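Colleague: Here is my input; please provide its structure:
(2 chains)
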Amino acid sequence: MKKSILWILMVLLGVTSFSKEKVVVYVPGSMTFLQEEVGQDFFDKTGIEVEIIGIKGIPARLKLEKRRPKADIVLGLSEINVIQAKKDGTIASYKPKTSNKIMKKEYMIDDEWYTTPFDFGSLAINANKDGLKNMPKSFEDLKKLNKQLIILDPNSFTGQEFMMWTVAVYGENWLEFWEELKPAIKTTAPGWSEGWAKFTTNEAPLMVGYATSDLYFDEKSSYKSFIPSEGGYIYVQGASIVAKKNIKDGAKLFMDYILEDKFQKAMADKNYMLPVTDIKLGEEYKRVPTSAKVVRVKPSDLERIEEYKKELIKLLKK
Amino acid sequence: MKKASILNIGYLIIWIFPIYIFGRDFFDFKDLMKIIDRDTLDLIIISFKQGILSSVLAFIVAIIPAYYVTYKKSFLSTLIEGTIFIPFFFPVISTVITFSLVFNLPFLKDLGILYSLKAILIANVFYNAPLFIKYLSLGMKRIPNELLEAGLECGANKWIIFTKIKLPLILPQIFRGFFLVFTYSFTSFGIVLSLGGLKFSTLEVEIVNSLMGNANFSRMFALGIVQFIILTGVNIIGEKIVEYELEENEKNEDVSLFTVIYSYLFIFFEFGIIGINLIFSFYNYYDKKFSLRAFINLFSPKFNEKYPVLESIINSGLIAMVTAFIVVIFTYLLLKSTSKFSTYIIFSTLGISSGFLGITLVYTNIIYEIPHIVLLIGGFFLTTVPLAYSFMYQYIKKFPLNILEASSIDGANKLQTFLYIELPMLKEILIGTYLQIFAVIYAEFTITYTMQLGRYLPLSSVVNYNLYTNKLFLESAAMSSLNIFIIGILFMVPYIRRGKNLN
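Modeller: Have a look, this model is predicted:
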């Protein structure tokens, strides 16, 4: 009898261990800090383990895993990525229970909740004043420079967003702007990390980047970013549940969690991005340049993004 | 079924399987037609241009040091011969960082070398000139002394001897070296991407961009097919060049002062780049101060929690050890029983983009749950067997048959023949090949970067790259220095042993 009870207990233990859920979250390489920052907190609240995996090229990985998805959630999708992922059928719709925490309607990427916004950023031109005679103030000023600007490959996330920024500013004439900007370009870095490495080793005094990048430097340093006077550009990052036969309950809980204060604060503190909920930011955020005027890309331009990338790359290669 | 056929078929299956699975699920034949356009042609032209220019320049730079190594036995010859390890153990990322820093120095910055074809060519010459030195000196050492003496006796001058005797005999080696260097330059990724920039994108860069950027897998597959066809064509032409069946013989001749000075300059260039990398592991570019902080960080447990430096070194070392062993054994067995198609089959993998191969291996894991480490070893195996084949070919094929026959007559089986006859005589070449393959695998970047195994299996080249992109330049340089030290020690062992044996 005792033996039977022991066996039953062991089986039950095995079953419960076996059925302990783990949520796999793919994030851009820069967000792997989330494991340490929120992993334990999420486990304490829900009893569910979360595994944060850094992946370069999340949209590509979504497509690659379509037949056998390994991830439950992906973070870091842009508006363009979401359009493509919806077409490919690789993400699923879910409206988090905490969705009312999102401060503004403008942060919404997709009305059908195929993605939940979790942070946003503002693009800017990062500048090292020491390398410049006169600090530029606008896109037009950038055109007057000579091999002093590091831009990013339009195939990279930041490069793509910068390209769309110029589309939002210049409309149909965006390519003409680039034609005139070409003499100002020192090099096209493969991605933000590589571009940042070149910028901080003084290969060029200007770089296409993020407004919050100033937070990397001391207040008194010569590094000061600016937002061109033509208007700022906001991009929102989204989190989505990966489309699969059996979506884990834990995945939905994690989607609810990303709008909680702990997660939102972690993104602000460690990722230097701005929260979509109303959490208090540190004093240092007062240094981040802002712009009263914000430009947006038309939906019709979003549909043509691959065409635009091809045209821009062709121009840059000439 | 002949052993050669089994080995050839096995090899083909290893590389065709992941590519077939990927193509089956993603490739649309229409995309192959779509990419035949002006843009693709431009990519092919740039790939060829930088490949040919890099190869020709590397050859020109290598001639004089190769001549020195052939005719003089000195410490300088040992150093020049030692540069052969540079393409294999000095990581691409370290090369890129060092050249970026050098080309940005105040007196060089205004020359506008960085982000130009010049930067790509200089870096490719740095990497590939040592390969040419190996092939050229081998060719020169095999010129029969009797022929040269006969030429002199007939009254031929140095120019005639060079053009009518030496050059025709070493041409096969020149071509062998050329085709290998061309293939490496054609498929160069890190150097082109970081030192050249978007303007000089080659087919390989475009393939990786297609999969990492816009996830257009069908286009990437189509570009991979184009690259494969081109490189297979090049390698088939290379294989048509038949080597002369000659043996190395001792050469000793006076060399001119110009040859000596040039050879020293070459050493200064090659080891200088490595030396600069070493200096930047101690010198803080921002503070303009020297410190050991970077090395201390590399061994700090806290640092290793975020950047698993030590774990990656161990992983890379173990994987390289195991895979190199498999490669050498497989290549030895293949060379012992080659069919006429073996060479074409083996060298066909040189036509496959490493980035492309990496992504097909990732997909194989996704679909069939084959462990990453198995796929990684498979990928490294495919990319290094052609190299081992090229290094070992002459020695295995030209092994004295009469000795093997005598052994067989004495009743020795194949294993006994290998252990007691072949191994003692081939030991140096097997060990040398093993170490070179070890170094290639240890420092390999493109496959490991594409497979993104960071979390599951940290590997040295990718951890080093992450240090760099996270602005930890000192630590990145320190890690490169550590890797150079590890592999340098390994390579010095056979040289020290050889020196002791000669004494």
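Colleague: Which residue ranges of chain A form strands?
Modeller: When secondary structure is read from DSSP state E, chain A shows strands at A:22-27, A:49-54, A:73-77, A:91-92, A:116-127, A:149-152, A:185-189, A:206-210, A:232-242, A:274-275, A:294-295.
Colleague: Quick check: A:Ile102 touching A:Val276?
Modeller: Yes: here A:Ile102 lies in contact with A:Val276, judged by C-beta atoms under 8 Å, at a distance of 5.1 Å. The way it works is simple: take the backbone N, C-alpha and C, and place the C-beta from them, glycine included.
Colleague: Could you give the average pLDDT over stretch A:109-116?
Modeller: In this model, stretch A:109-116 carries a mean pLDDT of 95.
Colleague: would you turn the strands of chain A into TSV with mean neighbour count?
Modeller: Formatted as TSV, these follow (neighbours: other C-beta atoms under 10 Å in any protein chain shown):
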stretch	mean neighbour count
strand A:22-27	20
strand A:49-54	19
strand A:73-77	26
strand A:91-92	20
strand A:116-127	24
strand A:149-152	25
strand A:185-189	24
strand A:206-210	25
strand A:232-242	24
strand A:274-275	22
strand A:294-295	16
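Colleague: Compare those strands and give me the one nearest chain B.
Modeller: strand A:185-189 (4.1 Å; C-beta to the nearest C-beta).
Colleague: okay, now the domains of the chain?
Modeller: Reading this off chain A. What the record gives for chain A is the domain set A:21-120+A:235-282, A:121-234+A:287-317, from automatic domain parsing.
Colleague: ah, no, chain B please
Modeller: Domain assignment for chain B, taken from automatic domain parsing, gives B:1-27+B:289-503, B:35-279.
Colleague: any chance of those in JSON lines, plus mean neighbour count, mean pLDDT and distance to A:Gly231?
Modeller: Converted to JSON lines, these look like this (neighbours: other C-beta atoms under 10 Å in any protein chain shown; pLDDT from 0 to 100; distance: least, C-beta to C-beta, whole Å):
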{"stretch": "domain B:1-27+B:289-503", "mean neighbour count": "18", "mean pLDDT": "84", "distance to A:Gly231": "30"}
{"stretch": "domain B:35-279", "mean neighbour count": "19", "mean pLDDT": "84", "distance to A:Gly231": "26"}
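Colleague: related to what we said a few turns ago, please identify every residue contacting each of A:Ile102 and A:Val276.
Modeller: In terms of C-beta atoms under 8 Å, 6 or more residues apart in numbering or on different chains, A:Ile102 and A:Val276 are both contacted by the residues A:117, A:259.
Colleague: So for the two, which sits in the more crowded spot?
Modeller: Using other C-beta atoms under 10 Å in any protein chain shown as the criterion, A:Ile102 and A:Val276 rank with A:Val276 on top: 25 against 19.
Colleague: The more buried one is in contact with A:Glu106, isn't it?
Modeller: No: applying C-beta under 8 Å as the test, A:Val276 and A:Glu106 come out as separate, 9.8 Å apart.
Colleague: so what sits against both of the two?
Modeller: By C-beta under 8 Å, 6+ apart, A:Val276 and A:Glu106 have no common neighbours.
Colleague: For the residue nearest to A:Lys186 when sequence neighbours are not counted, what are phi and psi?
Modeller: Take A:Lys186 and drop its neighbours on the chain: the residue closest to it by C-beta to C-beta, 6 or more residues apart in numbering or on different chains is A:Ala204, 4.0 Å away. Backbone torsions for A:Ala204, taken as degrees, to the nearest 10, come to phi -150, psi 150.
Colleague: okay but A:Ala204 is in contact with A:Ala189, surely?
Modeller: No: between A:Ala204 and A:Ala189 there is no contact under C-beta under 8 Å: 9.9 Å.
Colleague: Which neighbours do those two have in common?
Modeller: A:150, A:198.
Colleague: contacting residues for A:Ala266?
Modeller: Neighbour list for A:Ala266: A:33-34, A:37-38 [criterion: C-beta under 8 Å, 6+ apart].
Colleague: about what we covered before: so can I have a markdown table of the strands of chain A showing distance to A:Glu65?
Modeller: Below are those laid out as a markdown table (distance: least, C-beta to C-beta, whole Å):
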| stretch | distance to A:Glu65 |
| --- | --- |
| strand A:22-27 | 9 |
| strand A:49-54 | 12 |
| strand A:73-77 | 10 |
| strand A:91-92 | 12 |
| strand A:116-127 | 20 |
| strand A:149-152 | 26 |
| strand A:185-189 | 28 |
| strand A:206-210 | 29 |
| strand A:232-242 | 8 |
| strand A:274-275 | 29 |
| strand A:294-295 | 35 |
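Colleague: follow-up on the earlier one: pull the contacting residues for the residue nearest to A:Lys186.
Modeller: If you count contacts by C-beta under 8 Å, 6+ apart, A:Ala204 has them with A:131, A:147-150, A:186-187, A:198.
Colleague: how much space between it and A:Ser138?
Modeller: As for A:Ala204, its distance to A:Ser138 is 18 Å (criterion: C-beta to C-beta, to the nearest Å).
Colleague: and if you look at B:Phe268?
Modeller: 48 Å.
Colleague: next one: B:Leu136
Modeller: In this structure, B:Leu136 lies at 57 Å from A:Ser138, with C-beta to C-beta as the measure.
Colleague: ditto for B:Lys414
Modeller: 78 Å.
Colleague: Going by residue numbers, what spans are helices in the stretch 151-300 of chain A?
Modeller: Ranges of helices in the stretch 151-300 of chain A, per DSSP state H, counting those that start in this stretch, are A:157-170, A:174-181, A:192-200, A:249-257, A:261-271, A:299-303.
Colleague: Let me see the contact set for residue 237.
Modeller: Just so you know, I chose chain A. Taking C-beta under 8 Å, 6+ apart as the definition of contact, the neighbours of A:Gln237 are A:75-78, A:117-121, A:273.
Colleague: try again with chain B
Modeller: Taking C-beta under 8 Å, 6+ apart as the definition of contact, the neighbours of B:Ile237 are B:Phe179.
Colleague: What strand or helix carries it?
Modeller: Assigned by DSSP states H and E, B:Ile237 belongs to helix B:217-240.
Colleague: Run the chain-centre distance for that helix.
Modeller: Between the mean C-alpha location of helix B:217-240 and the chain-wide mean there is a distance of 18 Å, by C-alpha atoms, centre = their mean, to the nearest Å.
Colleague: Show the subsequent helix or strand relative to that helix.
Modeller: Once helix B:217-240 ends, the next helix or strand along the chain (criterion: DSSP H and E) is helix B:257-279.
Colleague: Now tell me what touches that following helix from outside.
Modeller: Counting by C-beta under 8 Å, 6+ apart, B:61, B:64-65, B:67-68, B:76, B:79-80, B:83, B:86, B:90, B:94-95, B:97-99, B:101-102, B:126, B:129-130, B:477, B:480-481, B:484 sit against helix B:257-279.
Colleague: Next secondary structure after that helix?
Modeller: Per DSSP H and E, the first helix or strand lying C-terminal to helix B:257-279 is strand B:283-284.
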